[in-house]
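A.B. asks: Output the structure for:
(one chain, ligands or ions: 1)
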Amino acid sequence: MKASVFVVALIPLVSAWSLELKTTDKRTVNTHGTSDSGCKNLSFSPVLNVNHAKFSPKTDWHTDPGTFELYANKNCDKLSYRNDGGSYSMTARKIRSYKVY
Ligand SMILES: *[C@@H]1O[C@H](CO)[C@@H](O)[C@H](O)[C@H]1NC(C)=O
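C.D. replies: Reported below is the predicted structural model:
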């Protein structure tokens, strides 16, 4: 049955949290995971100048993370922005690492 194939293909998309960052130069960066991310570098060139973030914490079969943090420096140094689940516009800021927990 085609319907069951479709459902199986969909599960990886709905089962993880996702964090989408948009930049002033129209780049979109998507990250996702199933539990605490720990500190992750965002090694993009030119550096991401983020003005919008969308965080979807829903994580099936795991505890949903509640918070995302964006940092100005690598290694999660210099917290620039922190929020919970939702879609947020912000004044543009250069982001070099992030954390989800
Ligand atoms: C992030 O980048 C810094 C500086 O380059 C490096 O020391 C650190 O190990 C990196 N962290 C991760 C999680 O890759």
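A.B. asks: what does the protein have sitting close to the ligand?
C.D. replies: Neighbours of the ligand within the chain, by C-beta under 6 Å from any ligand atom: 39-41, 74-75. The C-beta positions use only the backbone N, C-alpha and C, and glycine is treated the same way.
A.B. asks: Top of those by number of neighbours, please.
C.D. replies: The most crowded member of those, judged by other C-beta atoms under 10 Å, is residue 40 (16 neighbours).
A.B. asks: Helix or strand for that one, just tell me which one.
C.D. replies: Secondary structure assignment for residue 40, by DSSP states H and E: strand 38-41.
A.B. asks: Next SSE downstream of that strand?
C.D. replies: Taking DSSP H and E, what comes next after strand 38-41 is strand 48-56.
A.B. asks: what lines up beside that next one in the sheet?
C.D. replies: Sheet pairing of strand 48-56 (DSSP bridges) gives strand 17-23 (antiparallel), strand 86-95 (antiparallel).
A.B. asks: JSON lines please, covering these and showing mean neighbour count.
C.D. replies: Output for those, formatted as JSON lines (neighbours: other C-beta atoms under 10 Å):
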{"stretch": "strand 17-23", "mean neighbour count": "19"}
{"stretch": "strand 86-95", "mean neighbour count": "13"}
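A.B. asks: Adding mean pLDDT and distance to residue 57, write these out as a markdown table.
C.D. replies: Compiled in a markdown table, the strands paired with strand 48-56 are given as follows (pLDDT from 0 to 100; distance: least, C-beta to C-beta, whole Å):
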| stretch | mean pLDDT | distance to residue 57 |
| --- | --- | --- |
| strand 17-23 | 96 | 5 |
| strand 86-95 | 98 | 9 |
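A.B. asks: Done for today, thanks.
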